[in-house]
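Chemist: quick one: sequence plus predicted model below, questions after.
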Amino acid sequence: MLELAHKLADSDSKFFGGWVLAGAEVHIHGKAQQLENNILLEKQRKCIMQVLGTAADGSEVKELRVFLVLPQNSLGTKTAAASEPQGQLLCKHSFSVQDVRAYVGVTGDENIIHQGRHPVIPGLCMAAWLQQKLQLTELDWRISFLAPVFAGDELYVYGSKQELQGYVGSSKVFTIKI
């Protein structure tokens, strides 16, 4: 997943500075020999981008499609609604500022929201961590990011057969349809 995030970061950082990841679809079914970046929709406050990975035979083996929005309010100013986790606790993790810096170093995602002393954790950083934690080499995920996660927040991930849910405290911060 990190190679897909790295290719995505090839986009114009001036254009996407301050934008947030509202959702993503990730499909991984093999090793890609070539990655291609495409902008599928570009509007004033929203954008859909795609990274396609093809195998040596030309078949599509990886895809990352992201929905980016430019928020009107500062991140973290709206409180996410409290809800009860569904499923069993799979794992928990607290991302540090150093974790964010390491992710930015690997992917090149230099969005301003991932910088400073209390950065927003990149959504794809959380997804890549979860993929590694669950030891998944193939996946089909549809991710909705509902609220920001900041460095130092304790992220709890719960799972059922159809869905993974991320929580910080009693606030649901993402869902992943599997």
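Modeler: Here it is on my side, so go on. Residues are numbered from 1 along each chain as shown.

Chemist: is the residue sitting furthest away from the middle of the chain in a helix, a strand, or coil?
Modeler: Distance from the C-alpha centroid of the chain peaks at D57, with 28.5 Å (Cα atoms, centre = their mean). Recorded secondary structure, D57: coil (DSSP: H, G, I helix; E, B strand; the rest coil).

Chemist: hmm, L21 is touching V66, no?
Modeler: Yes - applying Cβ atoms under 8 Å, one finds L21 in contact with V66, separated by 5.9 Å. Bear in mind the C-beta positions are built from the backbone N, C-alpha and C, glycine included.

Chemist: shared neighbours of these two, anything?
Modeler: Residues touching both L21 and V66 (Cβ atoms under 8 Å, 6 or more residues apart in numbering) are L124.

Chemist: please name the nearest non-neighbouring residue to L64.
Modeler: L4 (4.0 Å; Cβ to Cβ, 6 or more residues apart in numbering).

Chemist: count the neighbours of that neighbour for me.
Modeler: 28 (other Cβ atoms under 10 Å).

Chemist: helix or strand for it, which one?
Modeler: Taking DSSP states H and E as the criterion, L4 maps to helix 2-8.

Chemist: ramachandran angles for the residue nearest to S59 when sequence neighbours are not counted?
Modeler: Closest residue in space to S59, ignoring its immediate chain neighbours: G30 at 8.0 Å, by Cβ to Cβ, 6+ apart. Phi and psi for G30, reported as degrees, to the nearest 10, are phi 150, psi -180.
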